[in-house]
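**Q** When you get a sec, could you give me coordinates for this:
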Amino acid sequence: MPGPAKDLSDQPGATGAQPFKLFAPNAPAGPLILNSPHSGRNYSADFRAASRLDARTLRLSEDCFVDELFASAPSHGTTLIAGTYPRAYIDVNREPMELDPRMFDDRLPAEANTTSDRVAAGLGTIARVVCSGLPIYDGKLLYAEERARIENIYKPYHTALQSLIDDAQARCGFAILFDCHSMPSGQMGQMGQTGRQRNMLANRRPLPTDRGSRPLDPDMVLGDRYGRSCAPGLTARIEELLQDMGYSVVRNDPYAGGYCTVRYGRPRAGVHAIQIEINRRLYMDEARIRRRTKAMQHVADDMDRLIGAVNAMDIADLGASASLAAE
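**A** Presented below is the predicted three-dimensional model:
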């Protein structure tokens, strides 16, 4: 699988590692930026020692290999920014201060958001649990120590991402942000399906990545905050491109887009943000957390085609909805 262009990131993180990897275009730059906030795999020795979980269980929150699926981005004039620290350590797809006071020995500052649904679920900026619901830490944390993660990892990450969006908008007149994630298989089977979703899955074309019986959940979920973070015409075109490749696609259910989509998606200001969730069964062995090499190459090839098509789009071709999203 082809790797991205040279990593140009140069910022030190809290433990000496960079908070992100930045892969710059090696072709004329277009409006598209790719963000993979949850693909980080830097599980430091200190973090592992502080956790009650084994190495494999800690990875349950990770969007495994998503950065690799989009590795061809630079060849299309697209920058890829990817987190290096795992979501279990710090989640840059959250508000900067979504913190659970039950996790800390000392008092949190007044500006902390302690009441969000994400905090209640244990998945705040500093997570209390991995996505399976298992607690990460044996004891309580000190806020001063966790503040270092926010200052040295979270803030540089978003400074870099904002700069990429600003540069694309200045260069092209608009910017498109893909917020790239993966989802565990079986989500729809566990949460239930609408009639439209059942019909969509029943009529889905087989993919070379399929194994066994017809899946219960879609291949991809596109989240545009119900038309608020990305022009509906652009979302529709991306959905059509994926469906033409044979993927089943739903919008905003069960994932409508996270913090990055909300923060950066401003269609009326010319910044379109869309979250893409890729079903892990398409490209990896979820139980063993391993790549399925041929299947992964197939998905990566399709993402290569998607990046090229989106980066070459003329926003004007999408009609008036490209500049005016639903309120």
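**Q** element containing the residue lying closest to residue 265 once chain neighbours are set aside, please.
**A** Nearest residue to residue 265 in three dimensions, chain neighbours excluded: residue 229, at 2.6 Å (CB to CB, 6 or more residues apart in numbering). No exception for glycine: its C-beta is placed from N, CA and C like everyone else's. Counting by DSSP states H and E, residue 229 is held by no secondary-structure element, helix or strand.
**Q** who touches residue 229 in this structure?
**A** Contacts for residue 229 were tallied using CB atoms under 8 Å, 6 or more residues apart in numbering; they are 223, 257, 261-262, 264-267, 272-274, 325.
**Q** for these, which one is nearest residue 143?
**A** Top of the list for closeness to residue 143, among the contacts of residue 229 and by CB to CB, is residue 262 at 25.1 Å.
**Q** any idea of the mean pLDDT in stretch 26-41?
**A** Taken as a whole, stretch 26-41 carries a mean pLDDT of 95.
**Q** Then stretch 60-68?
**A** The pLDDT scores in stretch 60-68 average 96.
**Q** So what's the gap between that stretch and the chain middle?
**A** Mean C-alpha position of stretch 60-68 versus that of the full chain (CA atoms, centre = their mean, to the nearest Å) differs by 9 Å.
**Q** May I ask which two of the contacts of residue 229 are separated the most?
**A** Farthest apart among those by CB to CB are 223 and 266. That separation is 15.7 Å.
**Q** Looking at the two, which is more packed in?
**A** Each of residue 223 and residue 266 had its neighbours counted (other CB atoms under 10 Å), and the higher figure belongs to residue 223 (26 against 17).
**Q** these two touch, right, that one and residue 260?
**A** No. Between residue 223 and residue 260 there is no contact, the gap being 10.4 Å when judged by CB atoms under 8 Å.
**Q** anything in contact with each of these two?
**A** Both residue 223 and residue 260 are in contact with 179, 275, where contact means CB under 8 Å, 6+ apart.
**Q** those strands in this structure, which residues are they?
**A** Using DSSP state E, the strands assigned to the chain run over residues 20-23, 32-36, 79-83, 175-183, 220-223, 249-251, 271-279, 284-285, 290-291.
**Q** follow-up on the earlier one: out of the contacts of residue 229, grab the one that's most surrounded.
**A** Neighbours here are counted as other CB under 10 Å. On that basis the top member of these is residue 272, with 29 neighbours.
**Q** My guess is that one contacts residue 178. True?
**A** No. Under the criterion of CB under 8 Å, residue 272 lies out of contact with residue 178, with a separation of 9.7 Å.
**Q** Distance check, residue 72 against residue 78.
**A** For residue 72, the distance to residue 78 under the criterion CB to CB, to the nearest Å works out to 9 Å.
**Q** again but with residue 85, I slipped
**A** For residue 85, the distance to residue 78 under the criterion CB to CB works out to 23 Å.
**Q** cool, and residue 237?
**A** Taking CB to CB as the measure, residue 237 and residue 78 are separated by 17 Å.
**Q** Then residue 224?
**A** Here residue 224 is placed at a distance of 19 Å from residue 78 (CB to CB).
**Q** Same question for residue 45.
**A** Looking at residue 45 against residue 78, where the rule is CB to CB, the gap reads 34 Å.
**Q** what about the two, which has more around it?
**A** Taking other CB under 10 Å, residue 45 and residue 78 do not tie; residue 78 has more neighbours (28 against 8).
**Q** In this structure the more buried one contacts residue 25, no?
**A** Yes. With contact taken as CB under 8 Å, residue 78 and residue 25 are classed as touching, separated by 6.1 Å.
**Q** In space, what's closest to residue 40 - neighbours in sequence excluded?
**A** Spatial nearest neighbour of residue 40, excluding adjacent residues (CB to CB, 6+ apart): residue 83 at 4.0 Å.
**Q** partners of that neighbour in the sheet?
**A** Residue 83 has these beta-bridge partners by DSSP bridges: residue 20.
**Q** For residue 92, give me its contacts.
**A** Applying CB under 8 Å, 6+ apart, the residues contacting residue 92 are 37, 83, 153-154, 157-158, 260.
**Q** can you pull the contacts of the residue lying closest to residue 167 once chain neighbours are set aside?
**A** The spatially closest residue to residue 167, leaving aside those adjacent along the chain, is residue 29, at 7.9 Å (CB to CB, 6+ apart). Residue 29 makes contact with 77-79, 167-168, 171 under the criterion CB under 8 Å, 6+ apart.
**Q** where does residue 223 land on pLDDT?
**A** With respect to pLDDT, residue 223 scores 98.
**Q** how about it, what does it touch?
**A** Shown in contact with residue 223 (CB under 8 Å, 6+ apart): 179, 229, 251-252, 255-258, 261, 274-277.
**Q** so residue 177 makes contact with residue 267?
**A** No. Because the distance of 11.2 Å does not satisfy CB under 8 Å, residue 177 is recorded as not touching residue 267.
**Q** Give me the below-cutoff pLDDT ranges for the stretch 1-150 of the chain.
**A** Of all residues in the stretch 1-150 of the chain, those with pLDDT under 70 make up the ranges 1-16.
**Q** Helices of that one, start to end?
**A** With DSSP state H, counting those that start in this stretch as the definition, the stretch 1-150 of the chain shows helices at residue ranges 45-50, 55-58, 66-69, 117-120, 143-149.
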